[in-house]
Structures are given as C-alpha cells and as structure tokens.
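>>> Sequence unavailable; structure follows:
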C-alpha cells in the first residue's frame, strides 16, 4: 500500500452465487469511502447467482486532493473495470477451487498478490456426479498458492463462519482486514458491518474470528480424508477368540483392517459368519506368503471382502436405520436444538430383488427368471415412507432387522457366497502368477455398489472384467502383467459413466483379439 | 419483484450539489429523471434489470414528477412506447437487454427511426457481451446503422454516463432521431459517484396532459412519407447530429507527447485501454497518457473531420473496437481515404476479431501494435515485457495446478421447482427412449447443462414451442417443448400456442409456471398470483390456453416426480394427434424463500410453532454411485469424505442449505435408487401435543433400543 498515492490497489473477489459476495463488496466500498479512499467496484452477476462462479473487482486509491467533480483539483483516477494480472494486490477466493481458478487466470503473482482463500470445498457438478471419486486434488491448489502468491492466507473460513453463526463473507472480510493490505483501520470494517444493519452481531463475531486467525497465523489449509474417518469399532466380547486369530495368524499390515472386518461381520450376521471371513482370508494369506508378499494383499482383500460379505439388503438397511447413534447424528446434522422434537421419515422402495432375497433359491430363481422375461424385474416396487421415530415405523424396522437371522436360508445369501468364493479363489490363483494381478482382481469389488438396477449394473461390469480379463489371465491365455494393467484400466472405465460405454470401449478390443487368437 | 430498493429510491431524489453513490445503471435512472422524462418502459434482463426494479419501488417520486412507468411484457411493447415522442414534445426512455431485446424490438424501432421524433427518445441497452453474459454474442451497432439511430457508448465513469444521457436527449431532439445508449455488463454494475442535479418535470406528463392530438402524415410510415423520411435522415438528421456532437464535444480527446501514433477506442473501452497503457509504462493511473487517445462516446455517427484531424500526422492508429464485424475500423478507413490521409488503421489483427476486450486482451493487442509500429519515444522492451511475463506466469500456474480445474456452470437453485421436471424427463427416458426437447429462454435453459444435459435447441424467448414446429412432423417420437411463464407472456402465447393450435401441431408443451420472470430477478408477470400491491393480476395461463382451443391441458405439481412422469407419459404416448399442454405449477423457490423467510423468523420470535423440513442421507447405507445427484443436480446434494474406515470413495450428503423441497426423496422413489434418503421435520417452539407425542415415542422407543435382540 506504499504507492497507493499513484497507483490504485486492486482487489479481486472470486465467489459463487449465494455466498454474500455482493455484501462483501459493499462492506469494502463503504469502509474505503468512510476512510477517504477513492473506490470503484464492479461485478458480473449475470446468471451466476444460481451457484455459478463469479467475480467482483474493486480498485481503491488514496483520495488526497481529488473530488467527485471539480476542475481545480487533481483529476479522479481512471480505474479499471477489469483485473489485470500483475496488478491484483489482494485476491480473495471464497472456495479452494476458485482460488485455483484465480491462479490459472494469472491473477496471483509473487510481485504483489496476497491470496486470501477459504480451503473448504464446494464440489463442482463434475466432481459430484463422478461414480467413484472425482474430487480435484486440493493439495495441488495449496502448493500452487504457496509458490505463486506473495503471501497466502489459507484456512477453512466456511467452518469458521458456521461456528460463529454467520456466512463466509464476514470471515473473508476479517481475513482481508487481518492481512493488513488496505489502509483502513479495523474499526472501519466493523462500522461497515454495522451500517448494513443485518445479523450484525454474528457478522462481527465471524469478522473478528477471521481477523484473529490471520493475526495468529496458525492456519491449517487442508484436512485429509483420513482425519475424517469414524474410529474403528470396539471389539464385542464374543469375538475375542477371532481377534486372537487375527493377531496370531495374519501379517502385521493387515491386522487393523481384519479386526474391523471381523467386528463388522459379527454385527452383520453372527460369529460363524465372522469366522468364515477369516477362513476365506487364510487362503489369501497363504497364497500371498507363497508368492513372497508382505500382507498388503491380505489387507486389501480383507477390506473388500468385509464390504462384500456385508452386502446391502433390507435387513442391513433396517439395522443401520436403527443404529443407536443415528438419531444424535441426525439431530446434529440438521441443527435441531435440545427440546425440539424431530421426526424422521425413511424413503424406502423395496422391489422384487429385496423380496426374493429371503426366499429359498428354488422359489426365487423361477420368480426372478419370469420377471426378467416379462421385463418386470425393475418395475415391481413398493414405495413407502416409514416414520422411524414413531412406534409402528420403528417396530417395522425392528422386525426387518431381526429377519437377518433368516438371511442364510435365503436365495441372495447363497448366491453371494458362491460368487464370493469364486472371487476369492481367483485372487488366490492370481497371487501365484502375479501379486499385482491378484490385487487388481480384489479391487474389482469396488464396482459392486448400490441397490437394485445400480447393483445389477455394477455386477455386470464386474463379471465382464472377470470374464474378459481375469479368467483368460488365470488360464494362461494372457500375460499376467498385461491383464493386471488392463483390469485397472477397465475398472476405471467402468466407473467413468453410468451407461457402461467406456467399459465397452476398454474391453471390446481385447475380446476381439482373443477371438482372433482362438 | 422481491428485492427492495428503498435505499436507492432515496438517491433518486438528490438535487443540485448532492453526490450520488451507486451502480452505473442506477446512475442512468437518476439521469433520466434529471432529463425530464415523462415516460419510462422496458423489459427486464441482465444487466439493466435494476433500472426498472428501482423505478417500480419509486412510485411516489414518479407520481410527483408525473412520470409514467410501464413494465412492458416484451421489448417490442417497450419500443413501441417511444411512439409517444414522434408527435409530441415529450421525452421518454425504454430499456432492455441487447441484442436479443433489440431483435424483438426492431419492428417498432425501424418505424420509429423512419418517422423521426419530436421529443427526445432514448433506449438504454445492456450490451450483454463477454464474461457474465447469458446470451448469444452480437453487437447492437448494426441496429444503429441500419435504422439510423445514434449510438452512445460512454466511458464507464458515472459522471460521463450521466452527461451522455442528458446530452443524448438534446441530440435526439435536435436531430429528430431516437438515440441508443449502450452499457456493457461491468459498466452497468460499476459502483461510483457523480454530482447530481435537480430532477426535471417534462413539459407534458401524467400530471399535465396533452390536450390536442397531432396528425402529421409526414410522421406516418406509409409511402410517400417513407421516401421523404429516408431522405430526411440523410439530408437533415445526420448533418444536425454530427454538428451537435462536434459542437458539444461529446467525444473525448486526450493529448499525449508521442504523436507518431494514436489510439481510437469506443468510450466504453477507455478504462481498459488506459489500464493497458499504464501497465506498458505509457500512462499514469491519473489518466495522463503519452499516446494520444480519442475516446468515442458516440460511436454512430462518427464525425469525419474529428477523426481525420486526430489521425493527421500520425503514421498509425490503434483501433480498439470490441466485437465483430469491425464497423468502426471500416468506417474510419473510409473517412481517412476520403480525406486522403495515409495513416494506417490497425485494429483487428493485433486485437482479436471476436470476444470481450478485457484489460489483458487490450494489453496484448497494444503490445503487438507497438511491436509493429515501433513509435519513436517508446521503449519496446519495457512496453512489451508485461505481457511476456504474464504468459510465463500463467504457464507456471498451469504446471503447478497440473490439471484443468473443474468447471462451475450455473444450475437450478436449491429447491428449484424446475429441476423435478427434468428429473422426470430423464427417468422417463429410460423407458420411452430419448426424444427431441425444444428449449426456451429462462432459468429452465440450465437443463442443457450438467447434470441433465437435456435439450436440443434454444431459439429465443417464448419460442420453445415455435421452434419445434419444423422438428415435430419430421421426428419419430412426439417432441417436448419447454416454455416458462415469462416466455409464455413475452411471445409464446401467440407465436407458440396460437401457431401450434392453428396448424394442428402434434406435440407436448410444458409451461413452467413459477409466478415470476425469475431469471431476470423475480419481476412480476401477468399471471403472478400476488403482485406488488398484494392483489391478483387476473390473467391466467390456463384460461388463455383453454380459450385458444387447446383440449388437452393438465396441471401438475412439480415436486411430485411420480405424477409429473405419469402425466408426461400420457402426453407422450397418448392416442390421437394434437397439442398436449402440461402446466407445471410451483412457485419459484428463491422468491418463496425471500417471501417466507421473514414470516418464519417473525413466527419463531413470537414463540409460535414452526416445522422446518430437511433431507438427509445415511452415510452407512449410501454406497456412492451418485445416481441421485445425476438425476437431480441440487446444489445442496453433494459429497463428503467417506467416514467408513473401510471405504475410500466419498459418500453423498445433504448440506444445511437444503430447503426440504423433497425432490431427492421423490427421485429416489421414482427411479428406485436407494434407501438412504430420509426426511427430517424439526418442530421449533413445539406445543404441548408435540412434546407429549415426542415424550411418548422416546419413552417407548428408548426402552426398545435397550433390548438387544
């Protein structure tokens, strides 16, 4: 702010619709005007208020000797309506990717830019609709900021706003004030907040929190996913013996995951089921040991196997909906205050698959076959909303969850166990050829997700990969290393689009080659 | 409209010696009152909506001044209003978004321009070009030249803008020609200050009415008058205008010491040009430029001797003219040729033919211009260094970020009632196969963006149904046309519904009735339920459609995806030919929130009972395939890190911004997705019965949860 007498200071705000960017702009203009600065601001709201990305741009200059009009005074500075790279003194971004975008557009330069950005994420539509994990790697933005900005002030301002019962614009204003780049005293900004007259106390609190955070400088840009995980489940007393086995019979790297798997499957079904989990893994453990592995394959297979064996069915859903901690979690999530009654209604729509899951195979198979033939498989559904906080809805869920004891008699259970054993067998066989191939086959479990049609679709992708890539490799018709790489690619392709187009493209050439070879 | 402009209205009352602080478009509004207009009209649209909005709130002031305000139903209606200034010495102004609005208005404008005006007539046009624009990219300039209306393009500085409005009326009157004033998006929204003067009252107005009609066949656009008018344009109006512009020095001439070259720019681009010069070390931020600049606050007509005087003695000039075709560059070349001057005009080439002229674009063009002309007194290395540094810097940023950042296109708001309709179409597609969807202008155009990617053409406001007229008979399936209530009243009722019924069209029309022209800022419509004064407007979309002879008309509540799908299925597959009209009826959620929000806050403050509804997703049962997001796209429906230590892919979650519209639950049902959605009713300020019920359930279920089976 030294040469402000001759050159305007540029302040660019990148925000999204609905974040109060316009109010932030107004606060800055009011504060600057009250302190004798010439100020100009502009914006391009357009359709951006509907959650699109938008920008506000301000220029300020010390107003010594200038006036709004008058011929005998210094002329008013000509201020730009556009930010220009190399001239942006303060770059404000209300979200991490918007900070990245500002850098991509060249607005963050080491000669002058203080970058003030919130590091929380508002995921873009492409990231939200990706079938697996389409999130942009935020650490790249943080690294770029450290390297491109003269000074980078990065922390989660959204969380801070939430803590103070305010919205992000007041924290941003606090951070701008705290960064000390504008010749406006703190009170100037506070007065501007008071001037607006709405939610003044909350805004002031958030402003001061933002200000203090920058002054303290103990800013933490990103929280890795691993810190957001639920703690591992505690061991129920009945599984003690199985936990001993985990410790005694399995390699170190796998133990934490296996312990969780055992506990989860005990809760899902019973002790015998948890024991079956370990039996299956014993086979993998031996195969891995023979192939010279160090426990990574058992660990990963243990993770996927626990998820597959606790496949989603009506009983498991009912169990989850009755979880003791759930109501407290929901109350916190929706911000219900103590003493405010909360009614929770569950949207359920069980269909033919759910209904046949508990029937014996000799009934279920012909029913499903007939439904498939008639094209009814996805049409026979029964939509209902169950109030789980009321007696009858609760009781219904309770009955459904208790039905899990009948699960092993049902068609779905038996089918899944056969498929799981086949998959485990393939992993074990693959381990003898190539540990990578085994790991890739194991990871294909990631495709099995969802319910109804989604699950069926995932299952089709899984089988296609098994048939086209895994089995030929196990038969020796395809080099194991090639197959491992091809499976990894095909798995990504399967998660690329819901229609399975990318997967077809990935597999077709390989299939064609096989046919030609035969 | 729902936003209040009471603070801004106060500023419209400022008088001599006061200072106005605010937005560019509101400065124009004040300038209109200072010019003594008797009527104002227009059709809303970014970036000029606020001109109308603030006047709507300024009822008292307008009554005092006798100004009539017309919230026209289309730009054609607004333009035709200017007809008042043909015969009578009254000033008037209208406004809309250009160029789409000017297209709609152009029939009236051509007639107006031919007849010529007695009172000053002005159009305030939002030149919606470049970043932040929501329409096709074209220039208003063509309209000015083809109909011969003067075009003002003032420097984006409030004082200049206001002066140009005031001078513009004088120009209009002295040359009998309507005047256009174009303002780019950033200029409309620029916040600045200017010294105000008292508002003026027109000679005739609502309070002081005209007593005698004026009949002058010379003002009627019918031959032989039209031949005379055409000659009058060239022989009288144009020379008068040029004289006025020259004598009043409407264009700004800034001297410099490097006289070998010069810059001619549109007034609106002056600030960007100057910033580029500052960056190249050739100007001060105060406005002192070493290279002389001619800023054209009037871009049509040009004043030939002003141009040739500026260019005389210069080897080259840089023409900074945004958009294409390069009307000004061509015109200036002709002026110089006729004056037999050899000054080179360099514009398009170093500067891009198409696209917005940001400060960076102008800097790039300027650097190239200097490189080509190497004027004396310019250190080329210094002047061209900034753009080279910028390029290197951008490349480095790109390398560090490593990947293209995810795009953030606009989308439907949280809880928008239009979203469920497109969810329904997408789910139904799985069964019936995709069909051609003919879109319209409005928030619903966002259906063409992710995640819906739905819609094949957009032809103009209210033209959703008309633009299906050629497709429908040639398409294998019944075609769906979309139209908002804004589009319906703007154009769709005649050109769409009228034409389709008259031609016995076969197809489906979905009229999205949300009660406002939402995309432009919640302005009221003829079918708005409660207008400004709280009264019903009295026009009904269903009534109009019925009276026009449509037999198949259904009304659906948007949020019930199941019933929307059922009705749509009937419309798409039903027997017999004919137009099927579905009116999707739900209030704009954003407008509703603005309306209901204060009511709820007041209820809570008074200790009254209120139920807040929100949706949620069970993180334990969500397996993260995102089908729900792909079928909804709600901004509040997003993802978060998976809390399950065994899973890595994120889970879907509902943010606190959820307004409880219920779409995600409806979609989960209609598309049979997953059992993870739940609806939460939070009872605030519960009454005794609420407490009793809650207590009972807690006691019963609390005990039950303790029993482990």
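Ah, there it is. Given the structure is predicted, the values throughout are model-derived calculations rather than measurements. Residues are numbered from 1 along each chain as shown, chains lettered A, B, ... in the order given.

>>> CA atoms for contacts and neighbours, from now on please.
Noted.

>>> any chance you could map the helices in the stretch 351-500 of chain A?
A:352-357, A:361-374, A:391-402, A:411-433, A:435-443, A:452-465, A:471-475, A:480-494 (DSSP state H, counting those that start in this stretch).

>>> and residue A:373, how many neighbours?
10 (other C-alpha atoms under 10 Å in any protein chain shown).

>>> Over to residue A:426?
Neighbours of residue A:426 (other C-alpha under 10 Å): 20.

>>> same deal with the one 3 residues further on?
Burial measure for residue A:429: 20 neighbouring residues, criterion other C-alpha under 10 Å.

>>> what do you get for residue A:397?
Neighbourhood size, residue A:397 [other C-alpha under 10 Å]: 22.

>>> Ok, residue B:257 next?
11.

>>> Kindly report the same for residue B:146.
Neighbours around residue B:146, by other C-alpha under 10 Å: 10.

>>> ok, so what distance separates it from chain A?
29 Å (C-alpha to the nearest C-alpha, to the nearest Å).

>>> right, so the helices of the stretch 351-500 of chain A: which one is the most enclosed?
helix A:435-443 (a mean of 24; mean count of other C-alpha atoms under 10 Å in any protein chain shown).

>>> Same list (the helices of the stretch 351-500 of chain A) but as CSV, adding distance to residue A:177 and mean pLDDT.
Shown next, in CSV, are the helices of the stretch 351-500 of chain A (distance: least, C-alpha to C-alpha, whole Å; pLDDT from 0 to 100):
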stretch, distance to residue A:177, mean pLDDT
helix A:352-357, 58, 87
helix A:361-374, 65, 89
helix A:391-402, 52, 93
helix A:411-433, 59, 97
helix A:435-443, 49, 97
helix A:452-465, 50, 90
helix A:471-475, 63, 95
helix A:480-494, 46, 95
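
>>> Kindly reformat those as TSV containing distance to chain B.
Below are the helices of the stretch 351-500 of chain A laid out as TSV (distance: least, C-alpha to the nearest C-alpha, whole Å):
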stretch	distance to chain B
helix A:352-357	12
helix A:361-374	14
helix A:391-402	6
helix A:411-433	17
helix A:435-443	12
helix A:452-465	7
helix A:471-475	26
helix A:480-494	12
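
>>> Of those, which is nearest residue B:394?
helix A:480-494 (31.1 Å; C-alpha to C-alpha).

>>> Get me the contact residues on the stretch 1-150 of chain B for chain A.
B:19, B:46-47, B:131-134 (C-alpha under 8 Å from any C-alpha of the partner chain).

>>> Need the buried ones from the residues you listed selected in PyMOL.
Buried members of the residues of the stretch 1-150 of chain B next to chain A, defined by 16 or more other C-alpha atoms under 10 Å in any protein chain shown, are picked up in PyMOL with:
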select buried, chain B and resi 19+46+47+131+132+133+134
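
>>> Just the closest of the residues of the stretch 1-150 of chain B next to chain A to residue A:461, please.
residue B:134 (40.5 Å).

>>> Before we go further, the closest one is sitting in a helix, right?
No. Assigned with DSSP: H, G, I helix; E, B strand; the rest coil, residue B:134 falls outside any helix and is coil.

>>> So it versus residue B:127, what's the distance?
11 Å (C-alpha to C-alpha, to the nearest Å).

>>> again with residue A:500
44 Å.

>>> ok, those two, which is more surrounded?
Taking neighbours as other C-alpha under 10 Å, residue A:500 and residue B:127 compare with residue B:127 leading, 28 against 17.

>>> Quick check on the residue nearest to the more buried one when sequence neighbours are not counted: phi, psi?
Take residue B:127 and drop its neighbours on the chain: the residue closest to it by C-alpha to C-alpha, 6 or more residues apart in numbering or on different chains is residue B:184, 4.6 Å away. With angles defined as degrees, to the nearest 10, residue B:184 sits at phi -80, psi 170.

>>> Contact partners for residue 113?
If you meant another chain, say so; for now it's chain A. A:86-91, A:107, A:149-151 (C-alpha atoms under 8 Å, 6 or more residues apart in numbering or on different chains).

>>> Let me rephrase: I mean chain B.
B:147-149, B:177-178.

>>> Next one: it, what pLDDT does it get?
You'll see residue B:113 listed with a pLDDT of 98.

>>> any idea how far it is from chain A?
The value you get for residue B:113 to chain A, if C-alpha to the nearest C-alpha is used, is 31 Å.

>>> If you count neighbours, what's buried in the host helix or strand of that residue?
Assigned by DSSP states H and E, residue B:113 belongs to helix B:100-115. Within helix B:100-115, the residues that qualify as buried by neighbour count (16+ other C-alpha under 10 Å) are B:100-106, B:108-115.

>>> if I pick residue B:678, what's in contact with it?
A:344-347, B:615-618, B:665.

>>> helices and strands around the host helix or strand of residue B:167, which ones?
Here residue B:167 is covered by helix B:158-174, with elements defined by DSSP H and E. Contacts defined by 3 or more C-alpha pairs under 8 Å, 6 or more residues apart in numbering or on different chains; DSSP states H and E place helix B:158-174 against helix B:24-34, strand B:121-127, strand B:179-184, strand B:191-195, helix B:238-247.

>>> what angle separates it from strand B:121-127?
Angle, helix B:158-174 to strand B:121-127, by axes from the mean of the first three to the mean of the last three C-alpha atoms, to 10 degrees: 140 degrees.

>>> How far away from the center of its chain is helix B:158-174?
24 Å (C-alpha atoms, centre = their mean, to the nearest Å).

>>> Check stretch B:450-459 too.
Worked out by C-alpha atoms, centre = their mean, stretch B:450-459 lies 19 Å from the chain centre.

>>> any idea of the mean pLDDT for it?
pLDDT averaged over stretch B:450-459 gives 96.

>>> Pull the residues that contact that stretch.
A:125-126, A:129, B:409, B:422-423, B:426, B:436-441, B:445, B:447-448, B:464, B:467, B:629-633.

>>> Quick one: find the helix or strand in chain A with the lowest mean pLDDT.
Across the helices and strands of chain A, mean pLDDT, DSSP states H and E gives its lowest value to helix A:501-517, namely a mean of 79.

>>> Check which helices and strands that helix sits against.
So helix A:501-517, by 3+ C-alpha pairs under 8 Å, 6+ apart, packs with helix A:480-494.

>>> and the helix it packs on with helix A:501-517, angle?
150 degrees.

>>> Residues touching helix A:480-494, excluding its own?
Contacts of helix A:480-494 (C-alpha under 8 Å, 6+ apart): A:433-434, A:436-438, A:440-441, A:444, A:447, A:461, A:465, A:469-470, A:473-474, A:500, A:502-503, A:506-507.

>>> Give me the neighbour count for residue B:330.
11.

>>> Now do the helix or strand containing it, average pLDDT.
Using DSSP H and E, residue B:330 maps to helix B:327-338. Confidence for helix B:327-338, expressed as mean pLDDT, is 98.

>>> what does it rub up against?
B:141, B:299, B:304, B:307-308, B:319, B:321, B:342-343, B:345, B:347.
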